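Student: below are the sequence and a predicted model; questions follow.
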Amino acid sequence: MAIVDSPAPPETVPGSASRTLGQHVNDYFGRVKGGDLGSLPAVLGLIVLCIWFTIQRPVFFSAINFANLFTQGANVIVIAMGLVFVLLLGEIDLSAGFASGVCAAVLAVLLTNQHVPWYLSVLASVGTGLAIGLTLGTLVAKIRIPSFVVTLAAFLAFQGVALLMLKNGANISVTDPVIRAIENKNLPIWLSWTLLAVVVLGYLVVQLLRIRSRAARGLATDPLALVATRVGGLALLGGLAVYFLNLERSLNPLRTSLRGVPVVVPLILVLLLVWTFVLGRTAYGRHMYAVGGNQEAARRAGINVDTIRISAFVICSGMAAIGGIVAASRANSVDSNTGGSNVLLYAVGAAVIGGTSLFGGKGRVLDAVLGGAVVAVIDNGMGLLGYTAGQKFVITGIVLLAAASVDALSRRRAAATGVR
């Protein structure tokens, strides 16, 4: 009995024959024609948007604005990473934005008002997020209340909780240097290049170990030309990014120098690596896709469906807490609007635009990063072009609707062609 609507296990090939680069390319285009678009729309959209905004306003691709894109979209990307887990189950969490605000308020109150050390304040903030997720997940999985209703109620309640914690809207400054450094400091130039080297070499090692593992089990392996293309592409794109981020961005470099990769970038990379490993290389990840693809079949296969569903909300709210910490770092303060406004819209939009399906069973944590980049580029570019807030909301909503439409149409196409 099939449990999930996902690619079938690779076929065993006698002698562990390696497939050619041409075969991989043909297979990829075959999947695209069959409706399995993956992150292709997000990548193409990102390229087109960058070219368009650069033509309209050349300052868009300046060193200072390039760095702004990373810091501007960081908290949305982090929250979107958590939302991916909930969306994989075909559920929704409308409270993620304000949950991040509540957790940021816990951080600020402890740091500034109670003078608690930053590491204990961070633990309390993340712990609050985990407790929120556990409560929401239990109500959804055990009490059987629809996630839309539960999280809509939490969406409303958390606004009140934040107001109460912040004494009806007071602004609490965050002055701790460690917390402020997350969004306001940069790595030294040498460390920026070292980070790139570690990422590229780590990716190469993972690819080679994968080939060795598959060959030992008699499975088809990726050709070295494909591995070289992947690693080379990562090195090229990463090298260009680090080069631009290492350029001087300060208007008065003699007084204050702004060079290097923002500190928030390695934080996002670590979260991306951890959750990608969890979803792609663990039994828990396989169970998550199984429950999202066919909940009843997963239950009959012996998977504890309720535990998986609860854990998804725990991860989502835990990541929302980290997103709230990032937002507090960027603003150097926390108020009742932290986590509100368009944060939830952008976070859900980031996950869906990146390729995570609203119907469950399909998605990756990388989708949140790609979609978050698209959202950040749209918001930043429209700001440079002088668009009003109303125009920004309308255009972002249209982009989200288009992404959801592509998802629905691609699933219909995949069902019609038999692509799994």
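Tutor: It's in. None of the values given here were measured: they were computed from a predicted structure.

Student: now do the strands in the stretch 251-400 of the chain.
Tutor: Taking DSSP state E, counting those that start in this stretch as the test, the strands found in the stretch 251-400 of the chain are 333-334.

Student: next SSE after the helix or strand of the chain with the lowest mean pLDDT?
Tutor: The weakest-scoring helix or strand in the chain, judged by mean pLDDT, DSSP states H and E, is helix 21-33 (a mean of 72). Next helix or strand after helix 21-33 toward the C-terminus (DSSP states H and E): helix 40-56.

Student: so which residues make contact with that next one?
Tutor: Residues outside helix 40-56 that contact it (Cβ atoms under 8 Å, 6 or more residues apart in numbering) are 32, 60-61, 353-355, 367, 370-371, 373-374, 377-378, 380-381, 384-385, 399, 403, 406. For every residue, glycine as well, the C-beta is placed using N, CA and C.

Student: now Gln159: how far from Gly238?
Tutor: 40 Å (Cβ to Cβ, to the nearest Å).

Student: go on, Arg412?
Tutor: 36 Å.

Student: ok, these two, which is more surrounded?
Tutor: More crowded of Arg412 and Gly238, by other Cβ atoms under 10 Å: Gly238, with 17 against 11.

Student: check what pLDDT that one gets.
Tutor: Note on Gly238: pLDDT of 93.

Student: wait, it touches Val200, no?
Tutor: Yes. Gly238 lies in contact with Val200 (Cβ atoms under 8 Å); the separation is 6.5 Å.

Student: which ones are touching Leu89?
Tutor: By Cβ under 8 Å, 6+ apart, Leu89 lies in contact with 288, 291-292, 295, 308-309, 312, 360.

Student: out of those residues, which is nearest to Phe277?
Tutor: Nearest to Phe277 among the contacts of Leu89, counting by Cβ to Cβ, is Met288 at 12.9 Å.

Student: show the pLDDT at that closest one.
Tutor: 94.

Student: I'd say it and Phe85 touch.
Tutor: Yes. Here Met288 reaches Phe85: they are 6.9 Å apart, a contact under Cβ under 8 Å.

Student: so what's in contact with the two at the same time?
Tutor: Ala312.

Student: more neighbours, the two?
Tutor: Higher neighbour count among Met288 and Phe85: Phe85, with 31 against 27, using other Cβ under 10 Å.

Student: quick one: neighbours of the nearest residue to that one once chain neighbours are set aside, just the number.
Tutor: Distances taken as Cβ to Cβ, 6 or more residues apart in numbering put Ala312 closest to Phe85, at 4.3 Å, once the chain neighbours are dropped. Neighbour count for Ala312, taken as other Cβ under 10 Å: 29.

Student: same thing with Leu209?
Tutor: The burial count for Leu209: 10, using other Cβ under 10 Å.

Student: for Leu240, same thing?
Tutor: Count around Leu240 with other Cβ under 10 Å applied: 11.

Student: check which helix or strand it maps to.
Tutor: Using DSSP H and E, Leu240 falls in helix 224-245.

Student: would you mind listing the buried residues in that helix?
Tutor: Neighbour counts using 16 or more other Cβ atoms under 10 Å place 226-227, 231, 235, 238, 241-242, 245 of helix 224-245 among the buried residues.

Student: pull the most distant pair out of those residues.
Tutor: It's Leu226 and Leu245 that sit farthest apart of the buried residues of helix 224-245, by Cβ to Cβ, at 28.6 Å.

Student: Val106 contacts Ser125, correct?
Tutor: Yes. If you go by Cβ under 8 Å, Val106 and Ser125 touch, sitting 4.9 Å apart.

Student: just the buried ones from the contacts of helix 40-56, in PyMOL syntax?
Tutor: In PyMOL, this line selects whichever of the contacts of helix 40-56 come out buried by 16+ other Cβ under 10 Å:
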select buried, resi 60+353+354+355+367+370+371+373+374+377+378+380+381+399+403+406
